[in-house]
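# Any chance you could fold what I've pasted below:
(one chain, ligands or ions: 1)
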Amino acid sequence: MRRQPSKALPKPKNSMATLLKIWAYLDTHRRLLIAILFLMIVSSATGLLIPYLLGRSIDHFIDGKTSSELIRLILILGGVYLLQTVSNLLQSYFMIGISQETVFTMRKDLFGKLHRLPISYFAKRRHGEMMSRLTNDIENVSQTLSGSFIQIFSSLLTFAGMLVLMLWLSPLLTLVTLCIIPLMVFGMKWITARTGKSFKDQQKNLGDLNGYVEETLSGHLVVKTFAREPKVMADFREKNERLRSSAYWAQTYSGFIPKLMNVLNNLSFAVIAGVGGMLALRDVISIGVIVTFAEYARQFTRPLNDLANQFNTFLSAVAGAERVFEVLEETEEDLDETEAGDMRVVSGTIEFTNVSFAYDQDGKTLENISFRAAPGETIALVGPTGAGKTTIVQLLTRFYNPGAGVIAIDGRDIREIKRQSLRQHMGFVLQDSFLFQGSIRDNIRYGKLEATDEEVERAAEQANAHSFIMKMTHGYDTLLNQDGSGISQGQKQLLSIAKAILADPPILILDEATSSIDTVTEVRIQEALSRLMEGRTSIVIAHRLNTIRSADQILVLEDGKIIERGSHDGLLEQKGFYHKLFQSQFRHSVEATANLHR
Ligand code: ADP
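Residues are numbered from 1 along each chain as shown. Here you go, the predicted structure:
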């Protein structure tokens, strides 16, 4: 398929270095690669031999030599065709094998790497970008390895071989042919440059139009409310017209290409036949040589075009590979300290002692944080956005290490505990409760992979999720989408509570949702949460008044410092920052709760 020159292909920054890295992957298949190289030489050589043998046969035929000689030539010709077909087939067969093996390993390496990268790496990047590296970029490498790679090499080989053979047969006719070739190449260049631009325009206008349609459809209500239909129609008409015009030219130019190619081909044939004929009349060359040359000239332009096309694809694949290697070379999450061990039975005391931390060199995100949560206690973190609540949780889970101070669980510095083991002792109910594509049952079971169906259902019952699950057509077997469409935000929360109940960890980390949830579900969540939190040490980034009220200790944070601490009533009495925060943020939720109890 011809590549539409619709988008600018990315150029690699350092092709040589990247090629060497790709080579490191390919090198494991060295023997096969040598075989492929050999096959390439065979198929290029046979490709060159065929026109030559054709010419020879014709000369024999004209000379009227013995027919046995002619038959011998035809048999050889048949054999050469067969050899060419077999070597072509074999080389793509081997190369596809190698390229699939290579990208298989690359994908494995990249996916493994993603799980060893620190969380800060992902904070800086969009998911789409990472996805594109794992899928598009690697696919690009695979396609190029199995396709362009062979083509580029065999085009170069064919090109060189053809030149040598032509010079050997007739230097004069070679000169003539070489004068025509640039003409053909420039002709092609001229037309592809034009088509390229109009295809680009077409693509851009199509994107514009699609974007516009999508936007107006999703903003349909707004369009109607503001009575903007006439404006929308006018805009659409204009974009539609632009697309029509660019598509018209793109199609017209691209329709020209094969015809122009034909004209150029016929022209070159005419010149070679004309000049060759005159030379043949003077007995400088034989008729067969003319046939050979005409065939070469026809084939000549193909490798040249292939080369130009394939080279672009090749460059874009190298650029893709470069992006893949960039990820592979990122620094990984600090390794667990060599002496780090597994976490043993945990009663759940959490203690921060003078912990300070900064994301960047300069600045301070957390300063001198100290607090202690006894087993089973709940600590509520409150404070304005950006105060450092999430950061405290990230330090506790060892996504980052504190710059100063010590975080201990059951009196043991968490730096001495393996990350996995540490996190296995923690349950998370976060704002963005993540759902996998799969059944509700499997999503809950993610908390404890070996749980039986009964255990899953018991956990769901305790999480107040059972009743809504049973109302769904397929109950626990209802399939969920990755984006969780089909179930509400509140129901998602209930599912993640069920997951945590099933996992039964001694320590809980909660990040309460800020988005409003209907009051009935809200009460269900509250109930499920208090059941979940019972007997576990919990650190809660709290937004709900109820949670804060029932916390054993409230830490009020501002600008990375704990500015007040105590119980809800005690803090209100102080009439300090918490009092103000309460007045501004929780009034409405007090009213809502009051309404509910009315
Ligand atoms: P909260 O959870 O209280 O809203 P955070 O702990 O998320 O606050 O953020 C505390 C401060 O650290 C903010 O100023 C925020 O901009 C900064 N911060 C948070 N995450 C990062 C990060 N990954 N890199 C750099 N700065 C960050």
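# Does Gly97 touch Leu32 like I think?
Yes - Gly97 lies in contact with Leu32 (CB atoms under 8 Å); the separation is 7.3 Å. All C-beta spots, glycine's among them, are computed from the backbone N, C-alpha and C.
# which residues are in contact with stretch 410-429?
If you take CB atoms under 8 Å, 6 or more residues apart in numbering as the criterion, stretch 410-429 is touched by 333, 336-337, 339-343, 346-349, 351, 396-398, 401, 406-409, 447, 493, 496-497, 499-500, 503-511, 529, 532, 536.
# Okay, helices next: where are they in the stretch 301-450 of the chain?
Using DSSP state H, counting those that start in this stretch, the helices of the stretch 301-450 of the chain run over 389-396, 419-424, 440-445.
# actually the stretch 1-150 of the chain, not the one I typed
Under DSSP H, counting those that start in this stretch, the stretch 1-150 of the chain gives helices at 15-26, 30-63, 67-114, 119-123, 127-132, 138-146, 148-169.
# Could you pull out the buried residues of stretch 408-427?
The neighbour-count check on stretch 408-427 (16 or more other CB atoms under 10 Å) flags 408-410, 412, 414-415, 417-419, 422-423, 425-427 as buried.
# sorry, back to before: can I get the helices of the stretch 301-450 of the chain in JSON lines including mean pLDDT and distance to Leu117?
Listed next are the helices of the stretch 301-450 of the chain as JSON lines, based on pLDDT from 0 to 100; distance: least, CB to CB, whole Å:
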{"stretch": "helix 389-396", "mean pLDDT": "91", "distance to Leu117": "15"}
{"stretch": "helix 419-424", "mean pLDDT": "86", "distance to Leu117": "13"}
{"stretch": "helix 440-445", "mean pLDDT": "89", "distance to Leu117": "25"}
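# Tell me which of those lies nearest to the ligand.
helix 389-396 (3.2 Å; CB to the nearest ligand atom).
# And the residue of the stretch 151-300 of the chain that's closest to the ligand?
Closest point on the stretch 151-300 of the chain to the ligand, by CB to the nearest ligand atom, is Ser218, at 29.9 Å.
# What's the local residue count around that residue?
10 (other CB atoms under 10 Å).
# can you check Met16 too?
9.
# Now do it against the ligand, distance only.
Counting by CB to the nearest ligand atom, to the nearest Å, the separation of Met16 from the ligand is 35 Å.
# thinking again about what came up before, ok, which pair from the buried residues of stretch 408-427 is furthest apart?
Arg415 and Gly427 (21.6 Å; CB to CB).
# So which bits of this structure are right by the ligand?
Residues of the chain found near the ligand (CB under 6 Å from any ligand atom) are Ser120, Ala123, Tyr359, Thr365, Gly383, Thr385, Gly386, Ala387, Gly388, Lys389, Thr390, Thr391.
# Wasn't Val540 part of a helix?
No - counting by DSSP: H, G, I helix; E, B strand; the rest coil, Val540 is located in no helix; its state is strand.
# which residues does the nearest residue to it once chain neighbours are set aside bridge with?
Spatial nearest neighbour of Val540, excluding adjacent residues (CB to CB, 6 or more residues apart in numbering): Leu510 at 4.3 Å. Leu510 forms beta bridges with Val429, Val540, as assigned by DSSP bridges.
# Give me the distance between Leu532 and His425.
Leu532 is 15 Å from His425, where distance means CB to CB, to the nearest Å.
# quick one: contacts for Thr440?
For residue 440 the amino acid is Ile, not Thr. Ile440 touches Ile469, Met472, Gly475, Tyr476, Asp477, Thr478, Leu480, Leu495, counting by CB under 8 Å, 6+ apart.
# This structure - how does it break down into domains?
Following automatic domain parsing, the chain resolves into domains at 19-328, 341-425+542-598.
# Just name the most buried of the helices of the stretch 1-150 of the chain.
Mean neighbour count, computed with mean count of other CB atoms under 10 Å, is highest for helix 138-146 among the helices of the stretch 1-150 of the chain, reaching a mean of 21.
# Need the CA coordinates for that helix. PDB is fine.
Taking Å, rounded to 0.1, in the frame of the first residue of the first chain, the C-alpha atoms of helix 138-146 are listed here in PDB:
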ATOM      1  CA  ILE A 138       6.800  -0.500  18.500                       C
ATOM      2  CA  GLU A 139       4.400  -1.500  15.700                       C
ATOM      3  CA  ASN A 140       6.300   0.900  13.500                       C
ATOM      4  CA  VAL A 141       9.500  -0.800  14.300                       C
ATOM      5  CA  SER A 142       8.000  -4.200  13.600                       C
ATOM      6  CA  GLN A 143       6.600  -3.100  10.200                       C
ATOM      7  CA  THR A 144       9.900  -1.500   9.200                       C
ATOM      8  CA  LEU A 145      12.000  -4.500  10.200                       C
ATOM      9  CA  SER A 146       9.800  -6.900   8.300                       C
END
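# could you check the angle helix 67-114 makes with it?
Here helix 138-146 runs at an angle of 160 degrees relative to helix 67-114 (axes from the mean of the first three to the mean of the last three CA atoms, to 10 degrees).
# elements contacting helix 138-146?
helix 67-114, helix 287-328 (3 or more CB pairs under 8 Å, 6 or more residues apart in numbering; DSSP states H and E).
# Other residues contacting that helix?
Residues contacting helix 138-146 (CB under 8 Å, 6+ apart): 22, 26, 92, 95-96, 98-100, 102-103, 106-107, 110, 313-314, 316-317, 320-321, 324.
# For His543, which of the helices and strands packed on helix 138-146 is the nearest?
Nearest of these (CB to CB): helix 67-114, 31.0 Å.
# now the lengthiest helix in the chain: mean pLDDT?
As assigned by DSSP state H, the longest helix anywhere in the chain is helix 229-281. Per-region confidence: helix 229-281 scores 86 on mean pLDDT.
# try stretch 525-534
Average pLDDT, stretch 525-534: 89.
# and it, which residues are buried?
Ile525, Gln526, Ala528, Leu529, Leu532, Met533.
# So the third one, which state does it fall into?
When the structure is reduced to helix, strand and coil (three-state DSSP), Ala528 reads as helix.
# Next up, the contacts around it.
Contacts of Ala528 by CB under 8 Å, 6+ apart are Gln462, Ala463, Asn464, Ala465, Leu494, Ile497, Ala498, Ile501.
# how near is it to Gln491?
Relative to Gln491, Ala528 is positioned 11 Å away (criterion: CB to CB).
# got the end-to-end distance for stretch 468-476?
Chord length of stretch 468-476, first to last residue, is 10 Å (CA to CA, to the nearest Å).
# Filter the residues of the chain next to the ligand down to the buried ones.
Judged by 16+ other CB under 10 Å, buried ones among the residues of the chain next to the ligand: Thr365, Gly383, Ala387, Gly388, Lys389, Thr390, Thr391.
# Leu366 is in contact with the fourth one, correct?
Same thing as Gly388. Yes - between Gly388 and Leu366 a contact is recorded at 5.0 Å, counting by CB under 8 Å.
# Now do the shared contacts for the two.
In contact with both Gly388 and Leu366: Gly560, using CB under 8 Å, 6+ apart.
# I'd say Pro384 and Glu558 touch.
Yes - shown here, Pro384 and Glu558 form a contact pair, counting by CB under 8 Å, at 6.6 Å.
# picking that back up, which residues does the residue nearest to Val540 contact?
So Leu510 contacts Phe428, Val429, Leu430, Leu529, Met533, Ser538, Ile539, Val540, Ile541, Ala542, Thr547 (CB under 8 Å, 6+ apart).
# Please apply the same query to Leu70.
Ser57, His60, Phe61.
# switch the cut-off to 10 Å
Arg56, Ser57, Ile58, His60, Phe61, Asp63, Gly64 (CB atoms under 10 Å, 6 or more residues apart in numbering).
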